[in-house]
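Engineer: Next input, structure requested:
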Amino acid sequence: MGGTADQDAIDRLARAALGPYGLGDDAELRLVNVSENYTYRVDDPTIGAAYAMRLHRPGYHSAEAIASELMWIDALRADGVVDSVVAVPARDGRLVTQVALPDVEERNVVLFEWAEGAPPDPDAADPLPGYRTLGRIAARIHAHARGWQRPATFTRFAWDFDHTLGAHGHWGRWQDGVGVEGDTLALFQRTVDVIERRLAAYGTGPERFGLCHSDQRLANLLEDGDLIRVIDFDDCGFGWYMYDFATTVSFFEEHPRVPDFRAAWLEGYREVAPLGQADEDELDTFVMLRRLLLVTWIGSHYAFATEAQELGEGYTIGTVPLAEAYLSRYA
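Structural biologist: Below is the predicted model of the structure:
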C-alpha cells in the first residue's frame with residue numbers, strides 16, 4: 001500500500017489491533033518499519049511497558065504459519081539455542097489475532113515484548129566479529145532444526161528453487177524486477193538456468209535442506225550488553241542451510257570485503273559444527289540466488305516499501321556485473 005490515505009488507514013487498523021491485548025487509547029503508536037509487514041512500537045504509559053506490534057501483509061503468511069514461527073522461536077529459546085523476542089498473548093490467550101475495519105482488509109497481528117539493544121555496526125572498524133557471530137548462530141540454529149520434532153500443526157513455506165526464482169516465487173517473478181529487460185533479462189535468464197542446474201545437483205537432502213531463519217543479517221541481531229538476540233523470523237521456512245549465509249550479505253553483495261565476511265562466517269560456523277567443502281563450494285550460488293531474489297522483491301514491493309523504492313533500478317544495474325562474474329566461473 002502506498003500514499004498518505006493508505007497509511008492513515010493502516011494506522012487506524014493498528015490502533016484497533018490493540019484492543020484484544022487490553023491496551024487502551026492512551027497507548028502511543030509509532031511506525032518503525034514497512035516491508036512484508038507494518039511494524040509499530042507501542043508504548044503503554046499506564047504500566048510503562050513497550051511492545052513491537054506486527055501487522056502482517058494479507059495473503060503472505062496464514063495464521064497457522066505465523067503460529068508456527070512463534071513455536072520455533074519458543075523452542076529455540078527454551079532449548080538454549082538463541083535468545084529472541086517473546087510473543088505476548090491476547091487476553092483470550094491467542095498469540096496470533098486478527099483485525100479489520102470496514103474499509104481496511106483483515107490482517108493477522110502479533111504483539112512482542114519490546115527488545116532493547118542495537119544491531120552490530122556494519123561500518124565498524126572491524127566488522128568481522130559480527131560475521132563470526134552470525135556463523136556461530138547459523139550453525140546452532142541449523143543443528144536444532146535437524147533434530148527438532150516439529151508439532152503436527154507446524155507449517156511454513158519453502159525457499160526452494162520453485163518458490164524463489166522458479167514458477168511459484170513467493171515474492172513474484174524475477175522477470176518483473178525494476179529495469180529487467182533486453183540484454184539484462186537475457187543475462188539473468190542464463191544465470192537463473194545455471195543456478196537451477198547447480199542446485200539440482202547439490203540436492204535437498206536433510207543434511208543440506210531444512211528449517212532456516214532465512215534472513216540472518218547483522219540488522220536482525222540485537223546486542224544488549226553481553227546478550228545477543230536473534231530477531232525477525234518472519235521469513236523462516238524450509239530451504240538450503242547455506243542460503244542463510246547469502247542473507248548475511250543482502251543488499252551489498254558487491255562489497256569488496258564480502259570474501260572477508262564469508263571467511264569470518266565460515267570460521268564462526270565451524271567453531272560450532274563441521275561444514276563440508278561441497279557446502280562451501282555453493283555459497284556463490286546462494287549469494288547469486290539471493291541477489292536475484294532481492295531484484296524480485298524490489299519489483300514486487302516497489303509500490304509501497306520505501307526500501308524497495310530507494311534501491312530501485314540501481315540494484316538491478318549493480319546485479320549485472322555480479323551475474324557476469326558468476327557465469328564466467330560456473331556456466
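Engineer: Can you show me the helices along this protein?
Structural biologist: 4-17, 63-78, 128-147, 182-202, 243-248, 258-272, 277-281, 283-301, 306-330 (DSSP state H).
Engineer: Which one of the ones you listed lies nearest to T153?
Structural biologist: Nearest to T153 among those is helix 63-78 (6.5 Å), distances taken as Cβ to Cβ. C-beta here means a position set from N, CA and C on the backbone, and glycine is covered the same way.
Engineer: can you list the helices of the chain in TSV and add mean neighbour count and distance to R57?
Structural biologist: Below are these laid out as TSV (neighbours: other Cβ atoms under 10 Å; distance: least, Cβ to Cβ, whole Å):
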stretch	mean neighbour count	distance to R57
helix 4-17	15	11
helix 63-78	18	11
helix 128-147	20	24
helix 182-202	16	25
helix 243-248	25	19
helix 258-272	18	30
helix 277-281	13	32
helix 283-301	23	10
helix 306-330	16	13
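Engineer: got the ones you listed as CSV, with distance to A90 columns?
Structural biologist: Formatted as CSV, those follow (distance: least, Cβ to Cβ, whole Å):
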stretch, distance to A90
helix 4-17, 10
helix 63-78, 13
helix 128-147, 28
helix 182-202, 41
helix 243-248, 31
helix 258-272, 37
helix 277-281, 42
helix 283-301, 29
helix 306-330, 30
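Engineer: of those, which approaches A50 most closely?
Structural biologist: Minimum separation from A50 across these (Cβ to Cβ) falls at helix 4-17, 14.9 Å.
Engineer: how about the CA coordinates for that closest one, as PDB?
Structural biologist: The C-alpha coordinates for helix 4-17 follow below in PDB (Å, rounded to 0.1, in the frame of the first residue of the first chain):
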ATOM      1  CA  THR A   4      -0.900   9.100   2.900                       C
ATOM      2  CA  ALA A   5      -4.500   7.900   2.800                       C
ATOM      3  CA  ASP A   6      -3.400   4.300   2.800                       C
ATOM      4  CA  GLN A   7      -1.000   4.900   5.700                       C
ATOM      5  CA  ASP A   8      -3.800   6.600   7.600                       C
ATOM      6  CA  ALA A   9      -5.900   3.500   7.200                       C
ATOM      7  CA  ILE A  10      -3.200   1.200   8.400                       C
ATOM      8  CA  ASP A  11      -2.600   3.500  11.400                       C
ATOM      9  CA  ARG A  12      -6.300   3.200  12.300                       C
ATOM     10  CA  LEU A  13      -6.000  -0.600  11.900                       C
ATOM     11  CA  ALA A  14      -3.000  -0.700  14.200                       C
ATOM     12  CA  ARG A  15      -4.900   1.300  16.800                       C
ATOM     13  CA  ALA A  16      -7.900  -1.100  16.600                       C
ATOM     14  CA  ALA A  17      -5.500  -4.100  16.900                       C
END
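Engineer: low-confidence ranges in the stretch 1-150 of the chain?
Structural biologist: Along the stretch 1-150 of the chain, segments meeting pLDDT under 70 span 1-5.
Engineer: repeat that with 90
Structural biologist: 1-7, 24-25, 33-36, 46-47 (pLDDT under 90).
Engineer: got the buried residues for the longest strand seen in the chain?
Structural biologist: The residue-count maximum for a strand in the chain (DSSP state E) belongs to strand 104-113. With burial defined by 16 or more other Cβ atoms under 10 Å, the residues of strand 104-113 counted as buried are V104, R107, N108, V109, V110, L111, F112.
Engineer: Thought L55 was touching the fourth one, still the case?
Structural biologist: Put plainly, it is V109. Yes: judged on Cβ atoms under 8 Å, V109 makes contact with L55 at a distance of 5.9 Å.
Engineer: Mutual contacts of those two, please.
Structural biologist: Taking Cβ atoms under 8 Å, 6 or more residues apart in numbering as the contact rule, V109 and L55 both touch A17, V99.
Engineer: residue with max distance from the center of this protein?
Structural biologist: Within the chain, the residue lying farthest from the chain centre (Cα atoms, centre = their mean) is T46, at 33.2 Å.
Engineer: check contacts around it.
Structural biologist: Taking Cβ under 8 Å, 6+ apart as the test, what T46 contacts is G24, D26.
Engineer: mind checking how far it is from D26?
Structural biologist: For T46, the distance to D26 equals 7 Å [Cβ to Cβ, to the nearest Å].
Engineer: Okay then, goodbye and thanks.
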